[in-house]
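1. just the structure for this:
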Amino acid sequence: MIVRNWMQNNPLTISSDTLASEAKRLLLDNNLNALLVVDNGRLRGLVTRHNVMRMGHYVTRTQNPDEVSFFVNRLKVRDFMVRNPATVDANDTMEHCLEYGKELMVAQFPVMENGSVVGIISANEIFQLAAHLCGTMEAEKMRKAQ
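-> Next up is the predicted model:
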């Protein structure tokens, strides 16, 4: 099984100039766990829901109107994105993807092909794969039992 068959194709991307508040809105409105940061066709970073929520939580905890205003009106994705994120190739195996994620302790990877972003793969797709395999194994057991 290869990554290409399980990844999310044509992922939503943003530029590094995107406001943090806009990134948060896009993550929530589209029920995403990560946004890829792409400038001039090149992958520059990754913004995760966790990063944005942690940043927002810190700002609201301080209850300082200036910090809230800065977060909403001036803080850009480039200020807190994960720079040069680890990637996988569309032709990598899912086994490699799982091992690499475990090794780096990350839950999503931009998927590359010939130097361009073609998708994203996250824990959600890996759970889908696991469910698929479990279903296949269960069907095989039932077939043998008959």
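2. so who does the nearest residue to Val77 once chain neighbours are set aside touch?
-> Residue nearest to Val77 in three dimensions, not counting chain neighbours: Thr18, with 4.7 Å by C-beta to C-beta, 6 or more residues apart in numbering. Glycine gets a C-beta too; all of them are placed from N, C-alpha and C. For Thr18, the contact set (C-beta atoms under 8 Å, 6 or more residues apart in numbering) comprises 37, 76-77.
3. quick check, nearest of those residues to Ala86?
-> The closest of the contacts of Thr18 to Ala86 turns out to be Val37 (C-beta to C-beta; 14.2 Å).
4. my guess is that closest one meets Gly45, correct?
-> Yes. Assessed by C-beta atoms under 8 Å, Val37 is found in contact with Gly45 at 3.9 Å.
5. more neighbours: those two, which one.
-> Shown here are Val37 and Gly45; by other C-beta atoms under 10 Å, Val37 has more neighbours (26 against 20).
6. strands of this protein, start to end?
-> 8-9, 13-14, 34-39, 42-48, 82-83, 88-89, 108-113, 116-122 (DSSP state E).
7. beta partners of the residue nearest the centre of the chain?
-> Nearest residue to the geometric centre of the chain (C-alpha atoms, centre = their mean): Ala34, 3.4 Å. Note on Ala34: beta-bridge partners Thr48, judged by DSSP bridges.
8. was I right about it contacting Arg49?
-> Yes. Between Ala34 and Arg49 there is a contact under C-beta under 8 Å: 7.0 Å.
9. any common contacting residues for these two?
-> Residues touching both Ala34 and Arg49 (C-beta under 8 Å, 6+ apart): Leu27.
10. what pLDDT does the closest residue to Arg4 other than its chain neighbours get?
-> Leaving aside its sequence neighbours, Arg4 sits nearest to Ala90 (C-beta to C-beta, 6+ apart; 4.3 Å). At Ala90, the pLDDT value in this model is 96.
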